[in-house]
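Novice: 3D model of this:
(one chain, ligands or ions: 1)
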Amino acid sequence: MGEILTGRVALVTGASSGIGESTALELAAAGVTVAVVARRAERLEALVAKIQAAGGTALALPGDVTDEAFATQIVAQTAKRFGRLDILVNCAGMIQSGGIEKADTEEWRRVMNLNLYATLYTCKAAIGIMRAQGSGDIINISSTAGRRAGPGASAYCASKFALTAMTSSMRQEVARDGIRVCIVEPGATTTGISEGVTDEKFRKFISEHVSKEGSMRPEDVAAAIRFVVSLPPRANVSELLIQPTMDTAPI
Ligand code: NDP
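Specialist: Prediction:
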């Protein structure tokens, strides 16, 4: 499968940690040139150095993807620098607590801005480039919370449900241009996602949830993403649900 990916060009958002970082490493190991995006520039530089030390090619594009101009520009910049854009992986995301009655509406907007709108911006910018090539893969990272809403994290669930709907619409809009679109829905995966949670109790809950026994590792999700983009162009994995083997919750 590696040969299929050699020479392709990817843009991975949320690549300074967790699933995005692992995805960048996984794709780079398969011969993909990767542009990596997140706000923590020093972590991106360390990732680029690691990829380069292993013989790969990578470029750090530090910044905030909720800034529409930035999110649009990194797509164009990647295509300009490397001559094409084959794979877009939207991993940048966040989770916050909160029910509806006491909802912090500003925090809701922050969650929606990152989990939904930032992905809209990069997708919007990538479609024309991929259409001109006649091929491309767009992978958006949702969650099991995008299939099953629970109490206490309504903004997160709503953002992921909306992301799934947007991604499904997009797949149908671009299918005839040779562009594949996939929504990836991971269950608990041990990453630093709890670090940005403002509510202390919820932060502890999420931290324990993603690191509980049997949780997946970010490289597991990255391997699934590599599988999706490695298939022959005629086959589109449009939805990929990946859960810890030990997870018995119904979806
Ligand atoms: P991490 O917190 O490790 O990764 C989130 C990434 O998003 C970081 O690289 C962070 O980098 C980046 N990011 C956050 N805000 C911005 C921003 N405004 N602009 C640019 N980059 C930003 O968590 P995960 O790896 O777990 O999360 C990745 C995705 O996976 C998310 O969409 C999450 O919802 C999803 N997911 C995770 C699950 C889990 O159990 N871990 C389960 C299901 C889905 P920086 O702070 O440097 O900007």
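
Novice: and Arg110, how many neighbours?
Specialist: 17 (other C-beta atoms under 10 Å). All C-beta atoms are positioned from the backbone trio N, CA, C, and that covers glycine.

Novice: let me fix that, I meant to ask about Thr189.
Specialist: 23.

Novice: quick one: contacts for it?
Specialist: Residues near Thr189 by C-beta atoms under 8 Å, 6 or more residues apart in numbering: 18-19, 210, 215-218, 220-221.

Novice: turn the residues you listed into JSON lines, columns for neighbour count, pLDDT and distance to Glu195.
Specialist: Rendered in JSON lines, the data for the contacts of Thr189 read as follows (neighbours: other C-beta atoms under 10 Å; pLDDT from 0 to 100; distance: C-beta to C-beta, whole Å):
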{"residue": "Gly18", "neighbour count": "24", "pLDDT": "98", "distance to Glu195": "10"}
{"residue": "Ile19", "neighbour count": "28", "pLDDT": "98", "distance to Glu195": "14"}
{"residue": "Val210", "neighbour count": "20", "pLDDT": "97", "distance to Glu195": "11"}
{"residue": "Ser215", "neighbour count": "19", "pLDDT": "98", "distance to Glu195": "16"}
{"residue": "Met216", "neighbour count": "21", "pLDDT": "98", "distance to Glu195": "18"}
{"residue": "Arg217", "neighbour count": "15", "pLDDT": "98", "distance to Glu195": "17"}
{"residue": "Pro218", "neighbour count": "22", "pLDDT": "98", "distance to Glu195": "14"}
{"residue": "Asp220", "neighbour count": "16", "pLDDT": "98", "distance to Glu195": "20"}
{"residue": "Val221", "neighbour count": "26", "pLDDT": "98", "distance to Glu195": "18"}
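
Novice: redo those residues as JSON lines? Include distance to Thr105.
Specialist: JSON lines is the format used below for those (distance: C-beta to C-beta, whole Å):
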{"residue": "Gly18", "distance to Thr105": "27"}
{"residue": "Ile19", "distance to Thr105": "28"}
{"residue": "Val210", "distance to Thr105": "26"}
{"residue": "Ser215", "distance to Thr105": "32"}
{"residue": "Met216", "distance to Thr105": "33"}
{"residue": "Arg217", "distance to Thr105": "35"}
{"residue": "Pro218", "distance to Thr105": "31"}
{"residue": "Asp220", "distance to Thr105": "35"}
{"residue": "Val221", "distance to Thr105": "31"}
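
Novice: contacts with the ligand among the residues you listed, please.
Specialist: Restricting these to those within reach of the ligand (C-beta under 6 Å from any ligand atom) leaves 18-19, 210, 218.

Novice: tell me which of the residues you listed fall in helices.
Specialist: Among these, the members falling in helices are 18-19, 210, 218 (criterion: DSSP state H).

Novice: now do the contacts for the residue nearest to Gly83 when sequence neighbours are not counted.
Specialist: Excluding its sequence neighbours, the residue lying closest to Gly83 (C-beta to C-beta, 6 or more residues apart in numbering) is Val9, at 7.3 Å. Contacts for Val9 were tallied using C-beta under 8 Å, 6+ apart; they are 32-35, 78-79, 82-87.

Novice: I'd like to know how far Val9 sits from Ala71.
Specialist: In this structure, Val9 and Ala71 are 17 Å apart, going by C-beta to C-beta, to the nearest Å.

Novice: okay, helices next: where are they in the stretch 51-200 of the chain?
Specialist: For the stretch 51-200 of the chain, helices defined by DSSP state H, counting those that start in this stretch occupy the ranges 68-82, 105-112, 118-133, 154-174, 200-211.

Novice: who's in contact with Gln243?
Specialist: For Gln243, the contact set (C-beta under 8 Å, 6+ apart) comprises 144, 186-188, 216, 251.

Novice: tell me the one of these nearest Met170?
Specialist: Lowest distance from Met170 to the contacts of Gln243 (C-beta to C-beta) belongs to Pro186, with 19.7 Å.
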